[in-house]
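*Asks:* Sequence isn't available, so here's the structure alone:
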């Protein structure tokens with residue numbers, strides 16, 4: 001059979017791989033609890049008030065990988081895997097790097113090599129999640145806290161923006177693996193007022209509304225491989241309405 005006879009056409013939807021990041025307390029953990037039959041791998045203790053299926057709190061990287069293996073090898077009815085959260089998972093990865101290299105801190109490994117070793121563990125984890133997604137047809141949802149980092153844009157002056165709270169090497173790999181990178185935040189409006197001596201003051205005014213940003217802007221990272229509105233309410237139903245059956 002020639003190579004041209006193996007060419008495929010059309011689309012082949014698969015369960016989505018989503019990274020949702022945002023500030024502490026906005027409702028990241030609650031959001032995927034309404035996804036189809038979710039189960040959580042928890043690396044931080046924050047699910048006490050959420051009625052969901054979850055593995056015991058993972059204290060080591062091995063406990064995380066064992067949970068993934070169990071979902072891969074054992075029969076179950078779960079349709080969505082939630083990792084809560086990636087930044088606490090990265091702490092377990094760094095601890096494993098330190099254990100394997102017999103150092104106290106990952107920074108004790110010179111020239112930033114420790115973070116390179118961490119990327120290797122991330123790759124193994126993502127490969128495991130990919131295998132699980134393919135075999136069990138499970139959606140993957142990764143949660144992360146947000147951090148503010150300086151972005152050196154070669155086309156403009158540097159500016160700050162929200163990014164996932166991960167080391168830049170690991171963050172790049174996770175973002176590339178995911179189909180969607182979504183940023184959740186409170187909606188804030190800027191209001192100008194005139195102060196003393198004609199000085200203009202700008203205040204941020206919050207409405208209490210929580211939104212998901214799906215498109216990258218100077219203020220934040222985001223992306224989507226499917227067509228999504230630029231903003232969505234932070235409600236699972238709003239996101240699910242945008243997905244075809246094969247993406248769930």
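*Replies:* Sure, I can see it. Owing to the predicted nature of the structure, the values given are computational and were not obtained by experimental measurement.
*Asks:* Could you tell me how many residues sit around residue 157?
*Replies:* 6 (other C-beta atoms under 10 Å). Using the backbone N, CA and C atoms, a C-beta is placed for each residue, glycine as well.
*Asks:* Next one: it, what pLDDT does it get?
*Replies:* Note on residue 157: pLDDT of 87.
*Asks:* Residue 7 too?
*Replies:* The model's pLDDT for residue 7 equals 88.
*Asks:* Distance of it relative to residue 133?
*Replies:* 24 Å (C-beta to C-beta, to the nearest Å).
*Asks:* What are the boundaries of the strands in the chain?
*Replies:* According to DSSP state E, the chain carries its strands in the segments 17-22, 38-42, 53-54, 80-84, 139-151, 159-164, 180-194, 200-213, 223-224, 231-233.
*Asks:* With mean neighbour count and distance to residue 73 as added columns, please give those strands in TSV.
*Replies:* As requested, these are exported to TSV (neighbours: other C-beta atoms under 10 Å; distance: least, C-beta to C-beta, whole Å):
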stretch	mean neighbour count	distance to residue 73
strand 17-22	26	21
strand 38-42	22	15
strand 53-54	14	17
strand 80-84	24	14
strand 139-151	20	17
strand 159-164	18	30
strand 180-194	16	28
strand 200-213	12	34
strand 223-224	18	32
strand 231-233	15	35
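*Asks:* lowest-pLDDT helix or strand in the protein?
*Replies:* Here the helix or strand of the chain ranked lowest by mean pLDDT, DSSP states H and E is strand 200-213, holding a mean of 72.
*Asks:* So between residue 7 and residue 133, which is more surrounded?
*Replies:* Each of residue 7 and residue 133 has its neighbours counted (other C-beta under 10 Å); residue 133 has more, 18 against 7.
*Asks:* Could you point out the longest helix of this protein?
*Replies:* Across the chain, the longest stretch assigned as helix under DSSP state H is helix 113-136.
*Asks:* tilt between it and strand 38-42?
*Replies:* Interaxial angle of helix 113-136 relative to strand 38-42 (axes from the mean of the first three to the mean of the last three C-alpha atoms, to 10 degrees): 160 degrees.
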